[in-house]
Each structure stands twice: as C-alpha cells, then as structure tokens.
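[1] quick one: sequence and predicted model below, then my questions.
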Amino acid sequence: MEYVIYGIITGCILIIASIGFSMVWKTENFLNIAHGQMLLIGAYMAYLFKSVLNLPFALAMVLSVIATAVLGLLLAKVFYFPVRKSGILVLLFTSIGLSWVIYGIVQAIVGPQIRTFGLETSKMIELFGRQILSFQELLIIVISVACVVGLHFILTKTKNGKGFRAMAENRDLAQLRGINSKKLSNYVWLLSSGLAGLAGILLAMSGTLNMELGWQQILIIMSVVIVGGMGNLYGTMLAALIIGLSMDVSTVIVPTSYRTAIAFVIVILVLLIRPQGLSKGGAH
C-alpha cells in the first residue's frame, strides 16, 4: 500500500512539473530543456529564503515560486524571444546551453553539497490502524489537486485561458482573431516557470536537495509529456500519475536504481501501441 501512496505523491509532483513544460511546447513549439533547471532554482531559492533569511517555510515557498516565475519570464525574453524566428533547433540548443549556465551559477552560489529544508518530521496519518502517509505528503497531494483545479478554471473560465487554448491550436489564426499572442506568451512563461519552481520545492520536501535535481527530472518530465500526447495538458496529467505510480510500485520487484528507467519503458510501450500518446489534441 505504501508504494502506491509514494507513487501517487510522485505522480502529483510530476503533474506540477510537467504541465508548464507541456504549455511551453504547445505555444512555443520547442523542447525547453532548461525547464528542469527551473525546478532547481525554485528549490534552492526556497532553501535560501528559509535557511539564510530565516523566513517561515510557507512564506519562503510562496516567495520562491513568485521569484522563479519572474526569472523564467526574464530568461525567456533575453534568450528565447530574440531567436524565435531562427527555428526550433536554435531554440532547443539555446535551452540546452542555458541549462548548463543555470547549473553552473547555482552551484557557484550554493555549492555541490546535498541539503535539506530542515523541516520537522510531521505526524503520520493512520487509517485502519496503519500509518498511511505524513502530513507533508498529504500537503503535496493537496497542492497538486489545487493546481489542477486552478489550471482547469483558468483554461475554461478566463479570457487568458481561452486565448491560450486558441493560440495553442493555431498561433497565426489566434492573432488574426485579435488575440494578443505576446501578452499570452508572457503569461505562459510566468505560469510554466512558477509551476516548475513549486515542483522543485515539493521534490526537495519529499527527499533531499542536490544539484542534479534538474537534470534528473527533465528526462522524466519529457517522458510524461510524450506519453500524455505532446502538448495535451489533460493527457499530461494522466500520464504523470501513471508514470509516478509505475516508477514507485515497480521498486517492489526491481532495484530502486532502475526506477527512472521504468518511465522510458512506459514511453516505448505507449509509442508502440499508440504513437500519438494517450490522447490527441491540445489543451482541451
């Protein structure tokens, strides 16, 4: 039972981490490899806010998400927007280069040591006399559900959300209909980077904080998006849960070191059976 719980928690974090990557793919049409390093930035910003400035962890988390969102937009404006017209390969290699730059800068600031947030061990929730999960783990699930509900509301009920869906389907047609693609693109980068920062914090909460976090997660995030159907947000959410559960439940029979490989096995199986992923289409 505990492996299923761990899988759900992993899936919930993957949902938050993968949604932003999928949104950028759908609107900008390139694989933003640097998205993984935004998880790293979010986690280390929260660590610095809490450990260096001695802020309450909840406040450190909120400030970190906001700062990561703003930084993500600034990086997009400086590095991605100027080379948009050069094609997706230029954008891809720009994102790879930016990933290494971010990695080097963060390591120069905080060092290579493994760190933790130093949170107190939370009480375990019991069900039928068995300890099921901790309050911290429950918080991760609650935050993930809140993000999914909030994103669904944004996409279906707000002007920006409907504009994003239109731009995701056909950017040129959306512009002809009067949709401000520049404004929406800024909105997407803010949301994508903020969610990535939040995912990094939740990952560090459930384990440790190390410099390889971004590189480790970007491959799994890409697996999730491929299985979900490139750019399909709801398919991505479902794929995140499937892959999260599969990776953690699989540790019952395979060594933990092969946990990430399970994600790629799922990608291969899905592509063999259903090349377009779990679902076709865009954000809806």
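    Nice, thanks for sending it over.

[2] same for the helix or strand containing Ser64, what does it pack against?
    Assigned by DSSP states H and E, Ser64 belongs to helix 57-75. With contacts taken as 3 or more Cβ pairs under 8 Å, 6 or more residues apart in numbering; DSSP states H and E, helix 57-75 sits against helix 35-47, helix 181-206. To be clear about C-beta, it is placed using only N, CA and C from the backbone, and glycine gets the same treatment.

[3] winner for burial among those helices?
    Mean neighbour count (mean count of other Cβ atoms under 10 Å) peaks for helix 35-47 among the helices and strands packed on helix 57-75, with a mean of 28.

[4] for it, give the mean pLDDT please.
    For helix 35-47, mean pLDDT rounds to 95.

[5] likewise for stretch 249-269?
    81.

[6] need the residues that contact it.
    Contact with stretch 249-269 is made by 3-4, 7, 216, 219-220, 223-224, 226-227, 242-243, 246-248, as judged by Cβ atoms under 8 Å, 6 or more residues apart in numbering.

[7] which of the residues you listed ranks first by neighbour count?
    Each of the contacts of stretch 249-269 was scored by neighbours using other Cβ atoms under 10 Å; the highest score is Val224's, at 30 neighbours.

[8] that one - that's part of a strand, no?
    No: read with DSSP: H, G, I helix; E, B strand; the rest coil, Val224 is helix and lies in no strand.

[9] just checking, it touches Met237?
    No: with contact defined as Cβ atoms under 8 Å, Val224 does not count as touching Met237 (9.0 Å).

[10] okay, and the common contacts of these two?
    The contact sets of Val224 and Met237 overlap at Ser18 (Cβ under 8 Å, 6+ apart).

[11] turn the helices and strands packed on helix 57-75 into TSV, columns for distance to Tyr258.
    Listed next are the helices and strands packed on helix 57-75 as TSV, based on distance: least, Cβ to Cβ, whole Å:
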stretch	distance to Tyr258
helix 35-47	20
helix 181-206	19
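
[12] mind checking which of those helices is nearest Phe21?
    For Phe21, the closest of those is helix 35-47, at 4.7 Å, according to Cβ to Cβ.

[13] what's the spacing between that closest one and its chain's center?
    Its chain's C-alpha centre and that of helix 35-47 lie 11 Å apart, by Cα atoms, centre = their mean, to the nearest Å.

[14] just the CA trace of it, in PDB.
    Provided in PDB are the C-alpha atoms of helix 35-47 (Å, rounded to 0.1, in the frame of the first residue of the first chain):
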ATOM      1  CA  HIS A  35      12.700  23.800 -17.700                       C
ATOM      2  CA  GLY A  36      14.400  21.200 -15.500                       C
ATOM      3  CA  GLN A  37      16.700  23.800 -14.100                       C
ATOM      4  CA  MET A  38      13.700  26.000 -13.100                       C
ATOM      5  CA  LEU A  39      12.900  23.200 -10.600                       C
ATOM      6  CA  LEU A  40      16.400  23.500  -9.300                       C
ATOM      7  CA  ILE A  41      16.100  27.300  -9.000                       C
ATOM      8  CA  GLY A  42      12.800  27.100  -7.200                       C
ATOM      9  CA  ALA A  43      14.100  24.600  -4.700                       C
ATOM     10  CA  TYR A  44      17.300  26.400  -3.900                       C
ATOM     11  CA  MET A  45      15.500  29.800  -3.700                       C
ATOM     12  CA  ALA A  46      13.200  28.300  -1.000                       C
ATOM     13  CA  TYR A  47      16.200  26.900   0.800                       C
END
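
[15] got the angle for it vs helix 57-75?
    Comparing the axes of helix 35-47 and helix 57-75 via axes from the mean of the first three to the mean of the last three Cα atoms, to 10 degrees yields an angle of 140 degrees.

[16] show me what helix 35-47 is packed against.
    Checked by 3+ Cβ pairs under 8 Å, 6+ apart, helix 35-47 has helix 2-28, helix 57-75, helix 88-110, helix 181-206, helix 213-228 packed alongside it.
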